[in-house]
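K.L.:
Sharing a sequence plus its predicted fold:
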Amino acid sequence: MKAYFSRLSPNVQGAIWVLLSGVTFVTMTTLVKHLSGDYPSHVQNFYRQTGSLIVAIPFMLRSPRQVLFVPRSTMPALFLRSLLATVGMILLLYTYEAMPMAEANALSFTRPLWVVLLAAIFLREVIGPSRIAAVLMGFVGVMIIMRPWASGVAIGWPHLAALASALCLAGTITGVKSLTRSLSASSILVWSSIIGELLALPFALADWRWPSPGDLIPLFLIGLLSAANQVLFIKGMAVGEAAVLAPIDYARLVLSVIAGLLVFGEWPDVFTWLGAGVIVVSTLYITIREIQSKRAKTLAIDAGQPDASTPLGLDTKADRTP
């Protein structure tokens with residue numbers, strides 16, 4: 001099986017990894033929704049973070065000095081990134097608890113829209129008219145899903161939590177771009193796991209629930225699936241071309257519809273389908289433009305021209321790493 005897989009083209013291999021990441025993500029959110037009646041989102045997030053910390057332990061054991069000893073000046077940024085990730089994940093889990101899975105998944109795709117805005121504000125990246133139009137178009141899709149003009153439809157806390165979660169997690173992506181100038185990916189992963197565990201604990205203690213033996217495994221499985229989702233997605237993007245693989249990530253929408261229908265009897269209405277389509281088109285356009293921009297910068301640098309569009313010299317490609 002391994003030999004057959006290695007003979008596949010890089011893009012096909014990458015597509016398989018990205019699809020598997022989608023499966024792990026939807027499985028994780030299905031478990032979150034299934035357990036939501038007994039465990040609130042902040043308690044679930046603590047167990048999720050504990051599972052992620054377990055995954056980070058081998059990185060600490062393999063090279064503790066290189067991973068754990070980081071410049072003191074980076075600690076405030078690491079703390080802020082972990083705080084945003086903790087709040088963002090609690091809100092994300094609450095969104096999946098309180099909303100239909102397809103609708104929550106569609107709103108989660110607004111993260112690239114926030115990344116563009118935050119990169120312009122904090123990283124001083126230049127945003128052209130086309131990307132501004134794509135961002136505005138994406139938020140039109142959000143309004144279609146929320147449809148505040150419809151009678152009997154109220155914009156509730158779950159909708160606001162979904163957007164706030166996407167904003168917080170977009171902030172973690174912007175933070176990674178800054179931290180990678182002075183820290184390795186392993187250091188960021190390990191310290192984010194440690195600080196995230198410490199930050200998640202007070203939220204969990206505020207409404208602590210001891211898990212039953214039957215729930216203990218699913219709770220920790222949420223954490224392992226969360227870590228696996230990130231690893232599989234990064235692996236896929238590293239193997240194949242991002243321009244080819246980016247659309248495949250939207251398979252999560254289809255998978256969430258299937259899971260919502262089979263497990264919870266949910267079926268998205270026409271506004272969810274339409275709004276999700278608008279969000280997908282806008283974020284896909286932004287992703288493709290980012291890839292084209294990165295290629296243009298690489299060609300310019302190879303030709304001996306300075307890269308002036310990104311003052312900090314950072315990779316502007318958004319990811320899903322919380």
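P.N.:
Ah, there it is.
K.L.:
all contacts plus neighbour counts: C-alpha atoms, from now on.
P.N.:
OK.
K.L.:
What's the local residue count around Arg181?
P.N.:
Close neighbours of Arg181, defined as other Cα atoms under 10 Å, add up to 11.
K.L.:
er, Val26 actually
P.N.:
Neighbour tally, Val26, other Cα under 10 Å: 26.
K.L.:
With Pro76 instead?
P.N.:
For Pro76, the neighbour count with other Cα under 10 Å is 10.
K.L.:
quick one: stretch 194-207 to chain centroid distance?
P.N.:
20 Å (Cα atoms, centre = their mean, to the nearest Å).
K.L.:
CA atoms only for that stretch - export them in CSV, please.
P.N.:
Taking C-alpha atoms only, stretch 194-207 is exported to CSV below (Å, rounded to 0.1, in the frame of the first residue of the first chain):
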residue,chain,number,x,y,z
ILE,A,194,2.0,24.4,27.4
ILE,A,195,0.7,27.9,27.7
GLY,A,196,-2.6,26.9,26.1
GLU,A,197,-3.1,24.1,28.8
LEU,A,198,-2.4,26.6,31.6
LEU,A,199,-4.9,29.1,30.1
ALA,A,200,-7.6,26.5,29.4
LEU,A,201,-7.5,25.2,33.0
PRO,A,202,-9.2,28.3,34.7
PHE,A,203,-12.0,28.3,32.1
ALA,A,204,-12.6,24.6,32.7
LEU,A,205,-12.5,24.9,36.5
ALA,A,206,-15.3,27.6,36.3
ASP,A,207,-17.7,24.8,35.3
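K.L.:
got a pLDDT number for the nearest residue to Ser21 once chain neighbours are set aside?
P.N.:
Nearest non-adjacent residue to Ser21, counting by Cα to Cα, 6 or more residues apart in numbering: Asn229, 4.5 Å away. The confidence metric pLDDT takes the value 84 at Asn229.
K.L.:
where does the stretch 51-200 of the chain have low pLDDT?
P.N.:
Low-confidence segments of the stretch 51-200 of the chain (pLDDT under 70): 148-155, 177.
K.L.:
which residue ranges form the helices in it?
P.N.:
64-68, 75-98, 101-108, 111-122, 129-146, 157-179, 185-205 (DSSP state H, counting those that start in this stretch).
K.L.:
Tell me which of the ones you listed sits most buried.
P.N.:
Among the helices of the stretch 51-200 of the chain, the stretch with the highest mean neighbour count (mean count of other Cα atoms under 10 Å) is helix 101-108, at a mean of 26.
K.L.:
can you list contacts of that helix?
P.N.:
Helix 101-108 is contacted by residues 29, 95-96, 142, 145, 162-163, 165-166, 252-254, 256-257, 259-260, 266, 268, 272, 275-276, 279 when judged by Cα atoms under 8 Å, 6 or more residues apart in numbering.
K.L.:
Stretch 163-172 now?
P.N.:
The contact list for stretch 163-172 (Cα under 8 Å, 6+ apart) reads 81-82, 84-85, 87-92, 107-112, 114-115, 118, 321-322.
K.L.:
Secondary structure element for the closest residue in space to Met237 that isn't next to it in sequence, which one?
P.N.:
Distance criterion Cα to Cα, 6+ apart; nearest residue to Met237, sequence neighbours excluded, is Gly14 at 6.2 Å. Using DSSP states H and E, Gly14 sits in helix 10-35.
K.L.:
Which of the helices of the stretch 51-200 of the chain sits closest to Thr287?
P.N.:
For Thr287, the closest of the helices of the stretch 51-200 of the chain is helix 111-122, at 8.0 Å, according to Cα to Cα.
K.L.:
follow-up on the earlier one: which of the residues in the helix holding Gly14 are buried?
P.N.:
Neighbour counts using 16 or more other Cα atoms under 10 Å place 10-35 of helix 10-35 among the buried residues.
K.L.:
for stretch 267-276, same thing?
P.N.:
For stretch 267-276, the neighbour count (16+ other Cα under 10 Å) marks 267, 271-273, 275-276 as buried.
K.L.:
Pull the distance from it to the chain's centre.
P.N.:
On Cα atoms, centre = their mean, the centre of stretch 267-276 falls 21 Å from the chain's centre.
K.L.:
contacts for it?
P.N.:
In contact with stretch 267-276 (Cα under 8 Å, 6+ apart) are residues 100, 102-103, 106-107, 140-145, 147, 257, 260-261.
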